[in-house]
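Visitor: 3D model of this:
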Amino acid sequence: MMFETSLEGPGTIRRPMPFVRKLQQHKGLPQGLDNLRPMKSDFASAPRAISVAAMGLALFLSGCGGSTNIPLRTSIGPTPAGTITEFANGISAGAGPLQIAKGPDGNLWFTESSGRIGRISPGGAVTEFPVGTTPNPGLRGITSGPDGNLWFTEMYANRVGRITPSGSVTEFSTGIPPSAALDGITSGADGNIWFAEMGAIGRITPSGVVTEFTNGLLHDQPNAITAGPDGNLWFTECGDMVGRITPKGTVTQFTVGISPNAGTADIVAGPDGNLWFTEYCANKIGRITPTGVVTEFSTGITPRAGLDDIASGSDGNLWFTEGDADKIGRITPTGVVTEFSYALPNGARPFGIAPGPDGNMWFTEIAANEIGSITTQ
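Guide: Alright, predicted model coming up:
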């Protein structure tokens, strides 16, 4: 893998060149995390509440980074704008928390690159559950299903998994081709679960019957997927494309208005009836209407922020992670961006983000090996 090296204060940051996101997913994110993970001895093991600061900056490209043995930040901006609490207790060393979702049981559930599913209560109590018998299954996306369970993807094992709130796991592989590299997953309005994979969009019923749709895909690299306000599923493709698929499998793809080689990453339905997505390489937040009209926003986003996941908050705004900038961002439906920086070690790499049952946003920190929450008010 090609890296560029830069210095940000003490310590060396090793950043993959901007558009290796899919390569990392193919080769094995857990191994890739070895260079990103700081020493846990550098951090307190108990939850810690941190006052955050709102900071407005500007735009441009991104990378993907992490570091080891880097001291905590000492400057967090001028005015507190929220409270972050981080939880480390109960998370196994080297777990590498990835994606996170609100569960039907009032808890948050997250995937770990080490091959477990984690559950964290709003109070911070963590329980981990092993998944199957395959070493390094490459757990990736996770979502609440229509059946009261959580559903997740296994990128390297080429399976879709289901876990009950009590921790019982069932895995499904029939109908999924070898080397599918499953990624994002979401519940659809049709009562099924939909997932993105290399070369296809997949659908699985709550009983485990898989159907795959390949017609109409141009780049063959679906990445993230979400249920839209129009009853369809919306997805991103690595590059500069957003797609829409009906419950019957008809695909339409949109590129007009998206920056070339934007690196479209995550996507979510917004509170305004539109879809919102991150552009990992172009360092922008995109908005697309159900009819395909795109608007991009970059003002207020730190240069080379490494925009990753995005989610709708209970406050009527969109919240997103900045993996390279070690920040959480918020964007209003009108496009006003606020960034929150906090006393995290450089290279903590916030990644997945989801609304919690407590009204806060919850996020994963891949390299710091923690789960965080941030107040939305």
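Visitor: which residues in the stretch 201-350 of the chain form strands?
Guide: Using DSSP state E, counting those that start in this stretch, the strands of the stretch 201-350 of the chain run over 210-213, 222-227, 233-237, 241-245, 251-254, 264-269, 275-279, 284-288, 294-297, 307-312, 318-322, 327-331, 337-341, 350-355.
Visitor: could you check how many residues crowd around Thr250?
Guide: 12 (other CB atoms under 10 Å). All C-beta atoms are positioned from the backbone trio N, CA, C, and that covers glycine.
Visitor: please name the nearest non-neighbouring residue to it.
Guide: Spatial nearest neighbour of Thr250, chain neighbours left out: Gly216 (7.2 Å); criterion: CB to CB, 6 or more residues apart in numbering.
Visitor: these two touch, right, that neighbour and Lys248?
Guide: No. The criterion here is CB atoms under 8 Å, and Gly216 misses it with Lys248 at 12.0 Å.
Visitor: and the strands of the stretch 201-350 of the chain, which one averages the lowest pLDDT?
Guide: Mean pLDDT values for the strands of the stretch 201-350 of the chain show the minimum at strand 337-341, a mean of 89.
Visitor: and it, which strands flank it?
Guide: In the sheet, strand 337-341 lines up against strand 48-55 (antiparallel), strand 327-331 (antiparallel) (DSSP bridges).
Visitor: contacting residues for Gly257?
Guide: Gly286, Ile288, Val293, Val294, Thr295, Glu296 (CB atoms under 8 Å, 6 or more residues apart in numbering).
Visitor: repeat for Ser187
Guide: So Ser187 contacts Thr143, Ser144, Gly145, Pro146, Trp151, Ile193, Trp194, Ala227 (CB under 8 Å, 6+ apart).
Visitor: in strands only, show me those.
Guide: Those of the contacts of Ser187 mapping onto strands are Thr143, Ser144, Trp151, Ile193, Trp194, Ala227, per DSSP state E.
Visitor: who wins for most neighbours among the residues you listed?
Guide: Ile193 (29 neighbours).
Visitor: dump the residue contacts of it.
Guide: Contacts of Ile193 by CB under 8 Å, 6+ apart are Thr143, Gly145, Pro146, Trp151, Val160, Ile185, Thr186, Ser187, Arg203, Ile204, Thr205, Pro206.
Visitor: can you give me the neighbour number for the nearest residue to the last one once chain neighbours are set aside?
Guide: Meaning Pro206. Distances taken as CB to CB, 6+ apart put Asp147 closest to Pro206, at 4.3 Å, once the chain neighbours are dropped. When neighbours are defined as other CB under 10 Å, Asp147 has 16 of them.
Visitor: next one: Asp147 from Ile331, what distance?
Guide: Distance of Asp147 to Ile331, computed by CB to CB, to the nearest Å: 32 Å.
Visitor: show me the shaky parts of the stretch 1-150 of the chain.
Guide: 1-82 (pLDDT under 70).
Visitor: could you rerun that using 80?
Guide: 1-82, 133-134 (pLDDT under 80).
Visitor: dump the host helix or strand of Arg162 to PDB, restricted to CA.
Guide: Assigned by DSSP states H and E, Arg162 belongs to strand 159-163. Extracted in PDB, the C-alpha atoms of strand 159-163 (Å, rounded to 0.1, in the frame of the first residue of the first chain):
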ATOM      1  CA  ARG A 159     -21.800 -13.600   4.800                       C
ATOM      2  CA  VAL A 160     -24.700 -11.700   6.300                       C
ATOM      3  CA  GLY A 161     -25.100 -12.100  10.000                       C
ATOM      4  CA  ARG A 162     -28.100 -11.700  12.400                       C
ATOM      5  CA  ILE A 163     -27.700 -11.300  16.100                       C
END
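Visitor: which residues touch that strand?
Guide: Strand 159-163 is contacted from outside by 109, 117, 129, 131-132, 137, 139, 145, 149-154, 169-173, 176, 182, 185, 193, 195, 202, 204, 208, 210, using CB under 8 Å, 6+ apart.
Visitor: since that was my last question, I'll sign off now.
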